[in-house]
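In: I need the structure of the sequence given here:
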Amino acid sequence: MKKLSKGTWVVIADGEKALFLENMMDDEDPNLVVRRVDEQDNPPDHEQGTDSPGRMADDGPGQRSAFQETDWHELAKMRFADDLAEHLYKMVHKGRIERLVIVAAPRVLGEIRHALHKEVADVVVAEIDKTLTNHPRDEIEKLVKEELATV
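Out: Prediction:
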């Protein structure tokens, strides 16, 4: 069973927003204090892409096919995950984080996991695949504590 001990950091991310929380109490009565909030302005894809999909000639007379259009919104989410992983590396490298719980939407969690430096991966005590960025802090404390009790 993993615990949310004092000094454990919890990072909650969804691809557009990341909350950096530090537990200031013990695992029985966690008190997650917000230390940092990172947000990215990421409008819907239709507001970001203005071009029509590119076309290419197909085999056959007068046939043309469209290239798949880039999903700028999804691309920005993945870049946000990469930036978050880089920021976590700096914090761990400076000794600010010794224990880390990462809570993120499944796709974002996968991207963060892929981008994490080994030094950060070594301090991760748990990963939770949930989207909690817009939940109240007391609910986050309860949900994270419950998830860690089952790990």
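In: any idea which helix is longest in the protein?
Out: helix 72-93 (DSSP state H).
In: just checking, what packs against that helix?
Out: Applying 3 or more Cβ pairs under 8 Å, 6 or more residues apart in numbering; DSSP states H and E, we find helix 72-93 packed against strand 9-13, strand 32-39, helix 45-48, strand 100-104, helix 106-115, helix 118-121. No exception for glycine: its C-beta is placed from N, CA and C like everyone else's.
In: Tell me, how many residues neighbour His93?
Out: When neighbours are defined as other Cβ atoms under 10 Å, His93 has 12 of them.
In: hang on, it packs against Val123?
Out: No - taking contacts as Cβ atoms under 8 Å, His93 lies outside contact range of Val123: 10.5 Å.
In: hmm, back to that, how about the helices and strands packed on helix 72-93, which one is nearest Asp83?
Out: strand 32-39 (7.8 Å; Cβ to Cβ).
In: Show me the contact partners of that closest one.
Out: Contacts to strand 32-39, defined as Cβ atoms under 8 Å, 6 or more residues apart in numbering, come from residues 9-10, 16-24, 83-84, 87, 137, 140-141, 144.
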